[in-house]
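# The following comprises the amino acid sequence and a computationally predicted model.
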Amino acid sequence: MPWLVAINVLIFALAIVLLARWQRSGASLSRVVLVGLVVGVVLGALLQALYADDTATLTGTIDWVNLVGGGYVQLLKMIIMPLVLVTILSAVTRLHDASALGKISVGVLGLLMITTAISAIIGIGMTQLFGLSAEGLVQGARELERGQDIIERSAQVADLTVPQLLLSFIPSNPFQDLAGARPTSIISVVIFAAFLGMAALGIKRENPALGGKLIDGIDVVQKWIMRLVRMVIRLTPYGVLALMAKVVATSNLDDILGLLGFVVASYIGLALILVMHALFLSGAGVNPLRYFKKVWPVLTFAFTSRSSAATIPLNIEAQVDRIGVPPAIANFAASFGATIGQNGCAGLYPAMLAMMIAPTVGIDPLSLEFLATLVLVVTLASFGIAGVGGGATFAAIIVLSTLDLPIALAGLLISIEPLIDMGRTAINVNGSMTAGTVTSRLLGQHDATVFAAESDELGEPRNV
């Protein structure tokens, strides 16, 4: 009923107003984000309980709620390309040695690949510990439809060779990539910005006066973009509230209970990956507890939005302003981590799925040959998903097709996909921030004073 939708929307609007007043009173952004998440869960649960059988009211309410959640995600996507372009450009122009770019890239990519391989091993362990198998899964109408869709869309993935994938990273039309027209646009913008930065350094060497003006102009534009970023980040509590309300309200409890074993195994595996990240941080001399406290708002948004790309602005802001990672390293880590070496989507999930499916086609999943091949394929496939869209599903397609396993079975878990994908996305984002933090420590470029500071709220001016 329309009047029920209006009442629900008014309650949602009241929650936003109260959050806004609390935020304006001086409450920290981290606390407001946490409260927004909890309120979103409560509102979503109430909507699910009251209107599970009233589809029209539930859908109508969610449409209005999504105006805030979806709008916030769109604003973040709006600033991704300008932020990546300007920050990489500014960071490169501050480098005295262009070879530093190579060290940064090797450090970030190396850590992303290593953590993905370990994530695959964790996925293998979780599958065996919980005795998970694809034999017990029932294919419903949605799962069969998803499986067929995966088969049709996987043709283009199977035809993508490694040389073609690498070639797709090189921008042929920077304006097209700035518009995000290709799956590899983010990486291409990073490469384009790096070339622009090196060209600016060349002008500075040839004509110091003109080069100085150019670099000053780049700095001005960067500060301008960062001001825009802070404006959008301040809206995080309201976006999180709306996104969480939508996720909870549209979740199917029966589907979740039916596949509870896989859900529990997945989240335990994700928790172990967080422990692995903490060990890497500790080994690099970074206090893991302090680190997680500082990146909490970023992980919260990644969890609710289910988008690594949309989290890039928050990711970069947290690394630079809260952890003390230099802008160049933070940008490379956030940009590469959104498409390459995703620990949750490209590491844990494909490994678990392959281990579950292998026995159904007569393969011994515990044979040393299969395990070694699986870990290697998962690690390489985590690089390959940069060339396609679809995250965990396409990572699973690449792994399953390479191992000659039936790819249609990748659609069996669609019922609980949103629930698990929230945790996977948060892990993906944390993996990229861990890679950036550890790389900055290894290269001796980490700003310990920023990491030690207490007044380091997201959205507040600091090292920009």
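Received it, and whenever you're ready, just let me know what you need. Residues are numbered from 1 along each chain as shown.
# Least confident secondary structure element in the chain?
helix 141-158 (a mean of 50; mean pLDDT, DSSP states H and E).
# Can you report how many residues lie near residue 323?
23 (other Cβ atoms under 10 Å). Yep, even glycine has a C-beta here, placed from its N, CA and C like the rest.
# all helices for the stretch 151-300 of the chain, in order.
162-169, 174-178, 185-206, 208-233, 236-249, 253-258, 260-283, 288-305 (DSSP state H, counting those that start in this stretch).
# Any regions of the stretch 51-200 of the chain where pLDDT drops low?
Counting by pLDDT under 70, the stretch 51-200 of the chain shows low-confidence ranges at 95-99, 135-162, 165, 183.
# Pull out the buried residues from stretch 104-114.
Neighbour counts using 16 or more other Cβ atoms under 10 Å place 104-105, 107-109, 111-113 of stretch 104-114 among the buried residues.
# quick one: which of the residues you listed is nearest residue 304?
residue 112 (23.3 Å; Cβ to Cβ).
# Please identify the helix or strand for residue 355.
helix 349-357 (DSSP states H and E).
# Show me the helices in the stretch 351-464 of the chain, by range?
368-384, 392-402, 417-442, 448-452.
# mean pLDDT for those: which is lowest?
Lowest mean pLDDT within the helices of the stretch 351-464 of the chain: helix 392-402, at a mean of 75.
# ok, residue 119 to residue 300 distance?
In this view, residue 119 and residue 300 are 21 Å apart by Cβ to Cβ, to the nearest Å.
# between the two, which one's more packed in?
Using other Cβ under 10 Å as the criterion, residue 119 and residue 300 rank with residue 119 on top: 34 against 23.
# That one against residue 345, yeah?
No - Residue 119 lies out of contact with residue 345 (Cβ atoms under 8 Å); the separation is 9.7 Å.
# Between helix 288-305 and the lengthiest helix in the chain, find me the angle.
As assigned by DSSP state H, the longest helix anywhere in the chain is helix 55-93. Angle of helix 55-93 versus helix 288-305, following axes from the mean of the first three to the mean of the last three Cα atoms, to 10 degrees, is 130 degrees.
# Show the subsequent helix or strand relative to helix 55-93.
Next helix or strand after helix 55-93 toward the C-terminus (DSSP H and E): helix 100-129.
# Which strands or helices does that following helix pack on?
helix 260-283, helix 327-337, helix 349-357, helix 368-384, helix 417-442 (3 or more Cβ pairs under 8 Å, 6 or more residues apart in numbering; DSSP states H and E).
# Can I get the ones you listed in TSV including mean neighbour count?
Formatted as TSV, these follow (neighbours: other Cβ atoms under 10 Å):
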stretch	mean neighbour count
helix 260-283	18
helix 327-337	28
helix 349-357	28
helix 368-384	18
helix 417-442	26
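# So which of the ones you listed is nearest residue 295?
Short answer: helix 417-442, nearest of those by Cβ to Cβ, at 5.8 Å.
# okay, the angle between the closest one and helix 349-357?
130 degrees.
# circling back to that earlier point, tell me the one of the buried residues of stretch 104-114 nearest residue 275?
Distances from residue 275 to the buried residues of stretch 104-114, taken by Cβ to Cβ, are shortest for residue 111, at 15.9 Å.
# Was I right to think that closest one contacts residue 283?
No - look at residue 111 against residue 283 with Cβ under 8 Å: they stay out of range, at 11.3 Å.
# Which neighbours do those two have in common?
Common contact partners of residue 111 and residue 283 (Cβ atoms under 8 Å, 6 or more residues apart in numbering): residue 438.
# Helix, strand, or coil at the spatially most central residue of the chain?
The centroid of the chain falls nearest to residue 308 when counting by Cα atoms, centre = their mean (2.2 Å). Three-state call for residue 308 (DSSP: H, G, I helix; E, B strand; the rest coil): coil.
# residues in contact with the residue nearest to it when sequence neighbours are not counted?
Leaving aside its chain neighbours, residue 308 sits nearest to residue 338 (4.3 Å; criterion: Cβ to Cβ, 6 or more residues apart in numbering). Applying Cβ under 8 Å, 6+ apart, we find residue 338 in contact with 186, 308-309, 311-312, 315, 428, 432.
# okay, those residues in TSV with distance to residue 247 next?
Shown next, in TSV, are the contacts of residue 338 (distance: Cβ to Cβ, whole Å):
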residue	distance to residue 247
186	25
308	16
309	18
311	16
312	21
315	21
428	17
432	22
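# Pick out the most distant pair among those.
Of all the pairs that those form, the one spanning the most space (Cβ to Cβ) is 186 and 428, at 13.6 Å.
# returning to what we had before: okay, among the buried residues of stretch 104-114, which ones form the most distant pair?
Across the buried residues of stretch 104-114 (Cβ to Cβ), the longest gap, 15.0 Å, separates 104 and 113.
# isn't residue 325 right up against residue 442?
No - between residue 325 and residue 442 there is no contact under Cβ under 8 Å: 11.7 Å.
# correct me, but residue 66 touches residue 241?
No - at 11.8 Å, residue 66 and residue 241 do not qualify as touching, with contact defined as Cβ under 8 Å.
# neighbour count winner among those two?
residue 241 (31 against 16).
# Which pLDDT value goes with residue 201?
Reported pLDDT for residue 201: 86.
# give me the number of residues near it?
20.
# ok, the closest residue to it other than its chain neighbours to residue 243 distance?
Using Cβ to Cβ, 6+ apart and skipping residues adjacent in sequence, the residue nearest residue 201 is residue 93, 6.2 Å away. Taking Cβ to Cβ as the measure, residue 93 and residue 243 are separated by 36 Å.
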